[in-house]
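Colleague: Have a look at this prediction, sequence included:
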Amino acid sequence: MYDIENYYNAETIKEAVTLLKEHPEARIISGGSDVLIKIREGKLAGTSLVCIRDIKELKGIIKMDSGDIYIGAGTTFSHITSDPVIQENIPVLGEAVDQVGGPQIRNIGTIGGNICNGAVSADSAPALFSLNAMIRTADGSGGRTVPIHDFYLGPGKVDVKPGELVTHILIPEKEYTGYHGHYIKYSMRRAMDIATLGCCVVSRINPSANILEDIRITFGVAAPVPLRCVKTEEALKGSPVNEKLYQAIEDKVREEIHPRDSWRASREFRLQIGGEIARRALERTVELAAGGERK
Amino acid sequence: MKKERVLVQCTVNGKEVAEYVDPGESLLEMLRNRLGLTSVKKGCEVGECGACTVIVDGETIDSCIYLAVWAEGRNIRTLEGLEKNGELTRIQEAFIEEGAVQCGFCTPGFIMSATVLLEKGEVLTREAIKKQMSGNLCRCTGYQNIVNAVEKVMKENADQK
């Protein structure tokens, strides 16, 4: 039995926003794989809940006429991975969320919940950062659009105001067309584990000139919030694609990330792994750009 | 505060059920305590071990971290609903043949995960089977025989096509 004070069920976004305004102390629950655990652990014991899992408008993935990709916040990880729009346009996101927990968790956990939870280890975060995702909210008076870079405020803290609800994520067309991405999760176990470090590289290669035209590198668990390696990116843009580039990403990333010591891994170990997975992720995007098949 | 119970109507193993549940009650508790479906095991209660795995609308979930009220209108399957006229399903038989059962506590959860996997009709590599079964833990560590059983039935199904 979960220690829940009051339970309110919303069937529309409008209803959810009204309930959140009427009950500012209530927490939003969707898949439940984070919130219910926190109630069980006592951290959220006795909380009231506004449940948004029956809201149909929050589910599903659409490629809009503009080419932008719309991902409902209540879409589960397994539905993202199996979705044809994702597979065709931004497969890196489907692959990243396929590394969350195990199958049962991926069948209930939602992408909106993953980012709103604010965990730096969220497997969706590095891919969403490297795709320059936009987060859309509703608050009953128009809502806001927030770039994902500004959405994470600190560990477990995100830019969702009281009475506000994340409704969907947008991946603008210009941010993925011509790009290839790869996410590497480094963890102690291959399943049911939290990332020790995660890195997503999204790159655009000019194949005829063999030049790295654009690159976005994001780390999970290398700082208090997911971290874009902007300095490294700037230094690498325009470089020829060769061994020198791969060595450069490894070295520069190690200068830019600030991982911490924790019981999962030491700072030194994370620095070592960080350079290595950034290099491998970039190498993989180069293979994909050259027509390499997705595994 | 005295909580009001909520009526949940859903289908469990092909039968319509209606139960008044507490808003804080998990589906695991409803299935075990109200419906007597004790194949659904209470293990870690935090969605890590998979002992409480059931199938909701064709997808496996950990019923310990799923509120009973969420079952409204849904189709739920547990191990009890698999046998037909006293006959085991092929995957259940394969678990016996391959010695995939040790203490047996994880077995119902594993069978439910395997059932969904086999119903999809895909033919997977051993590594891919392991990934699809990774949400279930066997504390006796009898994984090889469990994967053998799933692989065996998957191969049989493919050969029959």
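Modeller: Okay, I see it. Numbering: from 1, shown residues only, chains lettered A, B, ... in the order given.

Colleague: Could you pull up phi and psi at the residue lying closest to residue A:175 once chain neighbours are set aside?
Modeller: Spatially, and ignoring its direct neighbours in sequence, residue A:175 is nearest to residue A:132 (4.4 Å; Cβ to Cβ, 6 or more residues apart in numbering or on different chains). Bear in mind the C-beta positions are built from the backbone N, C-alpha and C, glycine included. Backbone torsions of residue A:132, given as degrees, to the nearest 10, read phi 50, psi 50.

Colleague: burial of residue A:132, as a residue count?
Modeller: 18 (other Cβ atoms under 10 Å in any protein chain shown).

Colleague: Any figure for the gap between the residue nearest to residue B:79 when sequence neighbours are not counted and chain A?
Modeller: Distances taken as Cβ to Cβ, 6+ apart place residue B:39 nearest to residue B:79, at 3.7 Å, with adjacent residues excluded. Distance, residue B:39 to chain A, by Cβ to the nearest Cβ, to the nearest Å: 16 Å.

Colleague: Give me the phi and psi angles of residue B:39.
Modeller: According to degrees, to the nearest 10, residue B:39 has phi -70, psi -20.

Colleague: Secondary structure element for the residue of the stretch 151-295 of chain A found nearest chain B, which one?
Modeller: Here the stretch 151-295 of chain A gets closest to chain B at one residue, residue A:191, 3.3 Å apart by Cβ to the nearest Cβ. In this structure, residue A:191 sits in neither a helix nor a strand according to DSSP states H and E.

Colleague: ok, now which ones touch whichever residue of chain A sits closest to chain B?
Modeller: Using Cβ to the nearest Cβ, the single residue of chain A nearest to chain B is residue A:102, 2.7 Å away. Residue A:102 sits next to A:191-192, B:50, B:134-136 when contact means Cβ atoms under 8 Å, 6 or more residues apart in numbering or on different chains.

Colleague: Tell me the buried residues in stretch A:88-98?
Modeller: By neighbour count with 16 or more other Cβ atoms under 10 Å in any protein chain shown, stretch A:88-98 contains the buried residues A:89-98.

Colleague: cool, stretch A:20-35 as well?
Modeller: So, applying 16+ other Cβ under 10 Å, buried residues of stretch A:20-35: A:20, A:23, A:26-35.

Colleague: for stretch A:275-292, same thing?
Modeller: Quick answer for stretch A:275-292 (16+ other Cβ under 10 Å): A:275-286, A:288-289.

Colleague: Could you save these as CSV and add columns showing secondary structure, distance to chain B and pLDDT?
Modeller: As requested, those are exported to CSV (DSSP: H, G, I helix; E, B strand; the rest coil; distance: Cβ to the nearest Cβ, whole Å; pLDDT from 0 to 100):
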residue, secondary structure, distance to chain B, pLDDT
A:275, helix, 27, 97
A:276, helix, 22, 97
A:277, helix, 20, 97
A:278, helix, 25, 98
A:279, helix, 24, 98
A:280, helix, 19, 98
A:281, helix, 20, 98
A:282, helix, 25, 98
A:283, helix, 22, 97
A:284, helix, 18, 97
A:285, helix, 23, 97
A:286, helix, 25, 96
A:288, helix, 21, 96
A:289, helix, 26, 94
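
Colleague: any chance of the residues you listed in a markdown table, plus distance to residue B:13?
Modeller: Listed next are these as a markdown table, based on distance: Cβ to Cβ, whole Å:
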| residue | distance to residue B:13 |
| --- | --- |
| A:275 | 53 |
| A:276 | 49 |
| A:277 | 45 |
| A:278 | 50 |
| A:279 | 52 |
| A:280 | 47 |
| A:281 | 45 |
| A:282 | 50 |
| A:283 | 50 |
| A:284 | 45 |
| A:285 | 47 |
| A:286 | 51 |
| A:288 | 45 |
| A:289 | 50 |
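
Colleague: hmm, back to that, report whether the expected contact of the residue of the stretch 151-295 of chain A closest to chain B with residue B:136 is present.
Modeller: No - judged on Cβ atoms under 8 Å, residue A:191 makes no contact with residue B:136 at a distance of 10.0 Å.

Colleague: Show me what from chain B comes close to chain A.
Modeller: Contact residues, chain B versus chain A (Cβ under 8 Å from any Cβ of the partner chain): B:1, B:6, B:22-26, B:29, B:45-48, B:50, B:53, B:59-62, B:65-67, B:69-70, B:113, B:131-137.

Colleague: Show me how to select, in PyMOL, the buried members of the residues you listed.
Modeller: Burial among those is assessed by 16+ other Cβ under 10 Å; the matching PyMOL selection reads:
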select buried, chain B and resi 6+22+23+24+25+26+29+45+47+48+50+53+59+60+61+62+65+66+67+69+70+113+131+132+133+134+135+136+137
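
Colleague: Stretch A:177-189: which residues count as buried?
Modeller: A:179-187.

Colleague: er, stretch A:247-265 actually
Modeller: Using 16+ other Cβ under 10 Å as the test for burial, stretch A:247-265 gives A:248-250, A:252-254, A:256-257, A:259, A:264-265.

Colleague: now those in a markdown table, with pLDDT?
Modeller: Converted to a markdown table, the buried residues of stretch A:247-265 look like this (pLDDT from 0 to 100):
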| residue | pLDDT |
| --- | --- |
| A:248 | 98 |
| A:249 | 98 |
| A:250 | 97 |
| A:252 | 98 |
| A:253 | 97 |
| A:254 | 97 |
| A:256 | 96 |
| A:257 | 95 |
| A:259 | 90 |
| A:264 | 84 |
| A:265 | 89 |
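
Colleague: Which residue does chain B have closest to chain A?
Modeller: Closest point on chain B to chain A, by Cβ to the nearest Cβ, is residue B:135, at 2.7 Å.

Colleague: Which residue is the nearest non-sequential neighbour of that residue?
Modeller: Nearest one to residue B:135, counting by Cβ to Cβ, 6+ apart, is residue A:102 at 2.7 Å.

Colleague: Run through the strands of chain B in chain order.
Modeller: B:6-12, B:15-21, B:53-56, B:59-62, B:75-77 (DSSP state E).

Colleague: do the stretch 1-150 of chain A as well
Modeller: Ranges of strands in the stretch 1-150 of chain A, per DSSP state E, counting those that start in this stretch, are A:4-9, A:27-29, A:47-51, A:61-63, A:69-72, A:134-138, A:145-147.

Colleague: Of the ones you listed, flag the one that's most buried.
Modeller: strand A:69-72 (a mean of 24; mean count of other Cβ atoms under 10 Å in any protein chain shown).

Colleague: That one packs against which elements?
Modeller: strand A:61-63, helix A:84-89, strand A:165-171 (3 or more Cβ pairs under 8 Å, 6 or more residues apart in numbering or on different chains; DSSP states H and E).

Colleague: how far is stretch A:103-117 from where the chain is centred?
Modeller: 11 Å (Cα atoms, centre = their mean, to the nearest Å).

Colleague: just stretch A:173-192 next, same as before
Modeller: Counting by Cα atoms, centre = their mean, stretch A:173-192 comes out at 9 Å from the chain centroid.

Colleague: Then stretch B:55-64?
Modeller: The answer for stretch B:55-64 is 7 Å, by Cα atoms, centre = their mean.
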